[in-house]
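Colleague: Provide a 3D model corresponding to the input given below.
(chains A and B)
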Amino acid sequence: GENVEQHPSTLSVQEGDSAVIKCTYSDSASNYFPWYKQELGKRPQLIIDIRSNVGEKKDQRIAVTLNKTAKHFSLHITETQPEDSAVYFCAAIEGGGADGLTFGKGTHLIIQP
Amino acid sequence: DAGITQSPRHKVTETGTPVTLRCHQTENHRYMYWYRQDPGHGLRLIHYSYGVKDTDKGEVSDGYSVSRSKTEDFLLTLESATSSQTSVYFCASSQLNTEAFFGQGTRLTVV
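Modeller: Numbering: from 1, shown residues only, chains lettered A, B, ... in the order given. You can find the predicted model right below:
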């Protein structure tokens, strides 16, 4: 099955700076890579996703890059704001897709004022 | 938010008792999932369903069973609750290879 590794487990950045979270996956057949944000006591919610036929995707201050050859993908947040403080999860789904997302262990992003 | 709800939201139960958690979605999604969330472990898949009466085991299925008699409902049962099953449980639903929408979560404490 799929295995997703996520780093770092905690990331502290100054407000206004950029944050980068990295993930690797094991199954070369995986073709869908979402990122979820989870605020304290809330449910995980999708913030951006990328498919294997695309190398990069942007949505305002958030971008995701995918390197299929190296089997890694990254989340980039620019101009960080206090409301970006949360736990972020990367995930991957195998080509068939029916057996659910495999999640990384999460990154606790702390935005320092 | 997508129409996916879990019940109960909080439950305290005694070791050895059976517990059933309910998930209901109104999105007509084919796929439904149960995850548990524990500090340091992220979200781990317990069981999933790819259609009515079609279910399969995930990464941490021991001690859990599921049933799906209707598209909209997915039940998770702990046959005999243990303290190691104290966790936050999330249900999710999706179509194939698309965004998974999560319920609000159920905080289960086994004493």
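Colleague: For the strand ranked longest in chain B, buried residues please.
Modeller: In chain B, with assignment by DSSP state E, the single longest strand is strand B:42-51. By 16 or more other Cβ atoms under 10 Å in any protein chain shown, the buried positions in strand B:42-51 come out as B:42, B:43, B:44, B:45, B:46, B:47, B:48, B:49, B:50. Any C-beta I mention is one placed from the backbone N, CA and C, and that applies to glycine too.
Colleague: Ok, stretch A:59-72 next?
Modeller: Buried residues in stretch A:59-72, counted by 16+ other Cβ under 10 Å: A:62, A:63, A:64, A:65, A:66, A:72.
Colleague: ok, these vs chain B, which is closest?
Modeller: Of all the buried residues of stretch A:59-72, residue A:64 has the smallest distance to chain B: 13.8 Å, by Cβ to the nearest Cβ.
Colleague: filter the buried residues of strand B:42-51 by proximity to chain A?
Modeller: The overlap between those and the neighbours of chain A (Cβ under 8 Å from any Cβ of the partner chain) comes to B:42, B:43, B:44, B:45, B:48, B:50.
Colleague: partners of the helix-or-strand element of chain A with minimal mean pLDDT, with directions?
Modeller: Ranking every helix and strand in chain A by mean pLDDT, DSSP states H and E puts strand A:102-103 at the bottom, with a mean of 92. Strand pairing for strand A:102-103, using DSSP bridges, gives strand A:86-92 (antiparallel).
Colleague: burial count for residue B:27?
Modeller: Using other Cβ atoms under 10 Å in any protein chain shown, residue B:27 has 14 neighbouring residues.
Colleague: Grab the nearest non-local neighbour of the residue at the greatest distance from the centre of chain A.
Modeller: In chain A, residue A:113 marks the outermost C-alpha relative to the chain mean, sitting 23.1 Å out by Cα atoms, centre = their mean. Using Cβ to Cβ, 6 or more residues apart in numbering or on different chains and skipping residues adjacent in sequence, the residue nearest residue A:113 is residue A:15, 5.5 Å away.
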